[in-house]
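In: Only the shape, not the letters, is given here:
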DNA sequence: TTCCCGCTGA
DNA sequence: TCAGCTGGAA
């Protein structure tokens, strides 16, 4: 790739970052455990929502040992509201593995990290990038969108090829700032809605899915005068979960009635995620 | 309806 | 390679 072009692209992104950088709690630390927690929380979850939960989590589980020795119940309780709560369970297991295998020290080697549950291709790279400023490229949907749009790449580019491009345009020694800059640029200037560039994965909304039931029942609840959303909220006022989860619970009941418990468990998954359990 | 700093088992 | 998973805001 043209050197001048790469340099002007780097300047553009980094200058934008200098002027418009967002402030997040996980950008105030380089503690690898804290970064790991934030990166797992941020998987498919909006940064603003994570920003509210992240400090509370660290207060309750300040280090790997504390998290590893906590009960699953405690962990999932602290996770509630973040969604995809199988992530919470995996983070819990990952903490236990770090204590056992790495003496409580979260590794910085992507090859080690990717062995941990809940840590995949992206997160295994993003942790050392943000915690250690390692000269590695980590590409999520956000960064993918920025690269495709700014470098005029085909939307059909494979993840492997895109990763190679990302490595090429990475300004050495500024990995952490660079990735934060790409994130902010993508979130503030180049949203998916604005560019029309499709994300890697789409929501599953097939008839009978958990999500489908959720929206269908929500519609009915809103239409039915007998069971308004307000009524549900009032009825479950002291429920520790959010209204979305409450609706989900009702959805599960509906699914049990229609499909039977076995199928419901298969669809929803006891702990969710990962194509069921 | 779509998208958000993806991962997992099949 | 792909369906499926959470919750909420736009």
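Out: Nice, thanks for sending it over. These numbers were taken from a predicted model, which means no experiment stands behind them.
In: Buried residues, stretch A:70-84. List them.
Out: A:70, A:75, A:78-79, A:82-84 (16 or more other Cβ atoms under 10 Å). For every residue, glycine as well, the C-beta is placed using N, CA and C.
In: near DNA strand C, anything from it?
Out: Yes. Under the criterion of Cβ under 7 Å from any atom of the strand, stretch A:70-84 makes contact with DNA strand C via A:80-84.
In: gap between that stretch and the chain center?
Out: Using Cα atoms, centre = their mean, to the nearest Å, the distance from the centre of stretch A:70-84 to the centre of the chain it belongs to is 15 Å.
In: returning to that earlier point: quick check: the farthest pair among the buried residues of stretch A:70-84?
Out: A:70 and A:83 (20.0 Å; Cβ to Cβ).
In: any idea of the pLDDT on residue A:263?
Out: What the model reports for residue A:263 is a pLDDT of 47.
In: ok, the residue nearest the centre of chain A to DNA strand C distance?
Out: Centre of chain A computed as the mean C-alpha position; nearest residue by Cα atoms, centre = their mean is residue A:43, 1.1 Å away. Residue A:43 sits 9 Å away from DNA strand C when distances are taken as Cβ to the nearest atom of the strand, to the nearest Å.
In: from what I can see that residue touches residue A:84, true?
Out: Yes. Shown here, residue A:43 and residue A:84 form a contact pair, counting by Cβ atoms under 8 Å, at 7.2 Å.
In: any weak-confidence spans in the stretch 101-250 of chain A?
Out: With pLDDT under 70 as the threshold, the stretch 101-250 of chain A has low-confidence stretches at A:202-211, A:213-250.
In: Quick check: residues of it near DNA strand B?
Out: A:116-124, A:126, A:140-142, A:145, A:180, A:183, A:186-187, A:191-193, A:196, A:198-203, A:205, A:215.
In: go again using 6 Å as the cut-off
Out: Taking Cβ under 6 Å from any atom of the strand as the criterion, the stretch 101-250 of chain A approaches DNA strand B at residues A:117-123, A:126, A:140-142, A:145, A:183, A:187, A:191-193, A:198-199, A:201, A:203, A:215.
In: Domain parsing of chain A, as residue ranges.
Out: Chain A breaks down into these structural domains: A:3-195, A:210-268 (assignment by automatic domain parsing).
In: Tell me which of the ones you listed sits most buried.
Out: Taking mean count of other Cβ atoms under 10 Å as the contact definition, the stretch among the domains of chain A with the greatest mean neighbour count is domain A:3-195, which reaches a mean of 17.
In: Centre of the chain to that domain, how far?
Out: Its chain's C-alpha centre lies 8 Å from the corresponding centre of domain A:3-195 when counted by Cα atoms, centre = their mean.
In: just to confirm, which helix or strand has residue A:184 in it?
Out: Using DSSP states H and E, the secondary-structure element containing residue A:184 is helix A:175-188.
In: ugh, wrong one, residue A:163
Out: Secondary-structure element containing residue A:163, defined by DSSP H and E: helix A:159-169.
In: Whether that helix contacts DNA strand C - can you check?
Out: No. Helix A:159-169 is not in contact with DNA strand C by Cβ under 6 Å from any atom of the strand; minimum separation 7.7 Å.
In: Residue of the stretch 151-277 of chain A nearest DNA strand B, please.
Out: Residue nearest to DNA strand B within the stretch 151-277 of chain A (Cβ to the nearest atom of the strand): residue A:192, separated by 2.9 Å.
In: Just to check, that residue is in contact with residue A:146?
Out: No. The criterion here is Cβ under 8 Å, and residue A:192 misses it with residue A:146 at 10.8 Å.
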